[in-house]
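A.B. asks: Mind looking at a prediction? Sequence and model below.
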Amino acid sequence: MKKIRSLIAIIIFAFGLVSVCQAAVRLPDVLSSGMVLQRNSVVPIWGKALPGEKITVIFNGQEKSTMANNKGKWKVYLDTMKANSHPQEMTIQGINTIHLKDILIGEVWLCAGQSNMQLTLNRTNNGDSVIRSAHYPLLRLFNVDRHVAFKHKYGPLAKWKKCSPESVRPFSAAAYYLGLELQKELNVPIGIINSSFGGSQAEAWIPQSFLHTPELQPCIDREEIWQKQRSKVQKKYALELKQWDEQAKEERAAGRKPKSGRPHQPEALREYRVAGSIYKNMIAPLMPFAIKGAFWYQGESNEGRAEQYTYLLPALIRSWRAFWGEGLFPFGIVQLPNYRDVESHPVDQAWSHLRDAQRVTAKKFPNTGLIVTIDIGEAHNIHPHNKLGVGKRMSRWALSSVYHKRLLPGGPVFRKVELKGNKMLVSFDATGTGLITADGKAPQEFAVAGKDHQWYWAKAKIIDKNKVIVWSNKVKHPVAVRYAFNDNPKNPNLTNQSSVPASPFRSDDWKGPTHGKR
């Protein structure tokens, strides 16, 4: 009987221990030692605990208390704080006590997108030497793990780390350069959250509740189709992989390279292509961590539905702003770069139309900016190596438009076009001291068209601080004008004192090559 009583006591103790562990105060991974908290902003601190449990947060001379709700969720708000480079400790008390160390106060930015945002330093210009010299303790990096996010690996979503050769090696190159520039210019701690996923499409980053519109519902419908096909597709794909592995093994045994590459994973099996999937696993877990703003570097995978992107990108911005709780926070859009071969005549291609969807979105939405990269891409590389240029242009926009430094946010921005006889008068904003060209020659890459929608290269001349006159002898009655609208314009030389090119644009709203594709 004594043995039975002892066993019962052990079981009761074990269950009690499990219950206490489950009730223990817990924090999301983004709230951890080494983090940067947003200055001059109310800062939420949140987590889980036992329903009704009292939680107290102590930090920077503040003490905030609350009770966990009936679902065990709790949240407090720290009052606004000034930037502080001296590490501090935060204490969270409940049934248990958590001590977070080495916390700084400064500026926090989210960087998200697909492979060009994900691209690491070692794959970019001078990457290895940059990595070796990356010792910046006031720059903190939070690198969201895609495998953990999608539950293929156990562990924290990420850990806040001081910028060092070890921590920056797997980090986004563009995001790193952004953080480094901001830290140097603002002289405050900078926190950069990198949440990127190569090959992802915009709809995966948007909560499904924002996709129930006629233009975006097909993104949800695709998943229902894939769901029905998934089992069959999985079996077929597994067989293809097996056959390829066997053939590749034979080729290597014979001293030859495999004749073909490993079969690509079918769309139906790519979980990160499912509408709302990345939002759920890689964005929502970060909310409502206080941020200053976000940068978005994506679009390549949506090229085949460029017209739809005019609805997708606005939905993404609206949804993040709605659920984050930071209001209309700054949102920078990195525009697609020049890519593919240079064409000898004006063409109408999807890549250019998606780029224009980015421009139009940036123009329509408040507190949103466009980061132009039309001159730093590569014709035959969808992952251009100059991410330093991208990061500097991201920081330029932030320093100008968000931190109100005295510099232009970027290149000239198309405002409007007027018909002047047989010529088109194009007006620009953000011209600074006046429009110029990078090479001192006449503006290049303008094209005009008449009512027949046939495009011809045009001559152009700067006639005022913010105006360019455009004409072509082949178009007697022009009705529309475009600038640098080819996928890879040869010489987009129109700029201002910033030396950043004017964004490609079109004045027309004519149907493009992806019209109606959803």
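C.D. replies: The structure has been received and is ready for your questions.

A.B. asks: drop to CA atoms for contacts and neighbour counts, all remaining ones
C.D. replies: Fine.

A.B. asks: Rank the helices and strands of this structure by mean pLDDT and give me the bottom one.
C.D. replies: Lowest by mean pLDDT, DSSP states H and E among the helices and strands of the chain is helix 2-23, with a mean of 46.

A.B. asks: what's the single longest strand in this protein?
C.D. replies: Taking DSSP state E as the criterion, the chain has its longest strand at strand 97-113.

A.B. asks: Neighbouring strands - and their directions - for that one?
C.D. replies: strand 36-38 (parallel), strand 84-93 (antiparallel), strand 190-196 (parallel), strand 293-297 (parallel) (DSSP bridges).

A.B. asks: Can you lay out those strands as CSV showing mean neighbour count, mean pLDDT and distance to Ala460?
C.D. replies: Output for the strands paired with strand 97-113, formatted as CSV (neighbours: other C-alpha atoms under 10 Å; pLDDT from 0 to 100; distance: least, C-alpha to C-alpha, whole Å):
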stretch, mean neighbour count, mean pLDDT, distance to Ala460
strand 36-38, 28, 98, 46
strand 84-93, 16, 98, 51
strand 190-196, 28, 98, 40
strand 293-297, 22, 98, 31
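
A.B. asks: Next, format those strands as a markdown table and append distance to Glu445.
C.D. replies: Formatted as a markdown table, these follow (distance: least, C-alpha to C-alpha, whole Å):
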| stretch | distance to Glu445 |
| --- | --- |
| strand 36-38 | 43 |
| strand 84-93 | 48 |
| strand 190-196 | 33 |
| strand 293-297 | 25 |
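
A.B. asks: Minimum distance to Pro263: which of these has it?
C.D. replies: For those, distance to Pro263 was read as C-alpha to C-alpha. The smallest value, 23.8 Å, belongs to strand 190-196.

A.B. asks: Relative to Val233, how far out is the residue nearest to Gln229 when sequence neighbours are not counted?
C.D. replies: Distances taken as C-alpha to C-alpha, 6 or more residues apart in numbering place Ala268 nearest to Gln229, at 7.2 Å, with adjacent residues excluded. The gap separating Ala268 from Val233 is 7 Å, by C-alpha to C-alpha, to the nearest Å.

A.B. asks: Can you give me the buried ones in the host helix or strand of Trp46?
C.D. replies: Trp46 is part of strand 43-48 when elements are defined by DSSP states H and E. Using 16 or more other C-alpha atoms under 10 Å as the test for burial, strand 43-48 gives 43-48.

A.B. asks: Could you figure out how far that strand is turned away from strand 84-93?
C.D. replies: 30 degrees (axes from the mean of the first three to the mean of the last three C-alpha atoms, to 10 degrees).

A.B. asks: and the helix or strand following strand 43-48, which residues are buried?
C.D. replies: Using DSSP H and E, the next helix or strand after strand 43-48 towards the C-terminus is strand 54-59. By neighbour count with 16+ other C-alpha under 10 Å, strand 54-59 contains the buried residues 54-58.

A.B. asks: quick one: which two of those are the most distant?
C.D. replies: Maximum pairwise distance among these (C-alpha to C-alpha): 13.3 Å, between Lys54 and Ile58.

A.B. asks: Show the average pLDDT along the longest strand of the chain.
C.D. replies: Averaged across strand 97-113, the pLDDT comes to 98.

A.B. asks: Stretch 509-518 too?
C.D. replies: On average, the pLDDT along stretch 509-518 is 97.

A.B. asks: and what of stretch 477-492?
C.D. replies: Average pLDDT, stretch 477-492: 98.

A.B. asks: got the buried residues for it?
C.D. replies: For stretch 477-492, by 16+ other C-alpha under 10 Å, it's 477-490, 492.

A.B. asks: ok, Pro412 - contacts?
C.D. replies: Each residue near Pro412 by C-alpha atoms under 8 Å, 6 or more residues apart in numbering is listed here: 428-431, 435, 494-496, 501-503.

A.B. asks: Out of those, the closest to Val372 would be?
C.D. replies: Closest approach to Val372 among these (C-alpha to C-alpha): Ser503, at 5.9 Å.

A.B. asks: before we move on, what SS does the closest one have?
C.D. replies: coil (DSSP: H, G, I helix; E, B strand; the rest coil).

A.B. asks: Could you list which of the buried residues of stretch 477-492 belong to strands?
C.D. replies: Per DSSP E, the subset of the buried residues of stretch 477-492 in strands is 480-483.

A.B. asks: I'd like those as a markdown table, with distance to Pro330 appended.
C.D. replies: What follows is these, written out as a markdown table (distance: C-alpha to C-alpha, whole Å):
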| residue | distance to Pro330 |
| --- | --- |
| Ala480 | 32 |
| Val481 | 30 |
| Arg482 | 28 |
| Tyr483 | 27 |
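
A.B. asks: quick one: which two of these are the most distant?
C.D. replies: Across those, no pair lies farther apart than Ala480 and Tyr483, at 10.5 Å, counting by C-alpha to C-alpha.

A.B. asks: overlap in contacts of these two?
C.D. replies: Arg506.

A.B. asks: quick one: the nearest residue to Ala430 once chain neighbours are set aside and Val360, what's the gap?
C.D. replies: In space, and not counting its chain neighbours, Ala430 is closest to Pro412: 5.0 Å by C-alpha to C-alpha, 6+ apart. Using C-alpha to C-alpha, Pro412 is found at 14 Å from Val360.

A.B. asks: tell me the contacts of Arg39?
C.D. replies: Counting by C-alpha under 8 Å, 6+ apart, Arg39 makes contact with 80-83, 105-107.

A.B. asks: tell me the pLDDT at it?
C.D. replies: The per-residue pLDDT reported for Arg39 equals 98.

A.B. asks: State the distance from it to Ile95.
C.D. replies: With C-alpha to C-alpha as the criterion, Arg39 and Ile95 are 30 Å apart.

A.B. asks: now swap in Asn70 and tell me
C.D. replies: Using C-alpha to C-alpha, Asn70 is found at 16 Å from Ile95.

A.B. asks: Tell me which of those two has more neighbours.
C.D. replies: Between Asn70 and Ile95, counting by other C-alpha atoms under 10 Å, Ile95 is the more crowded of the two (15 against 12).
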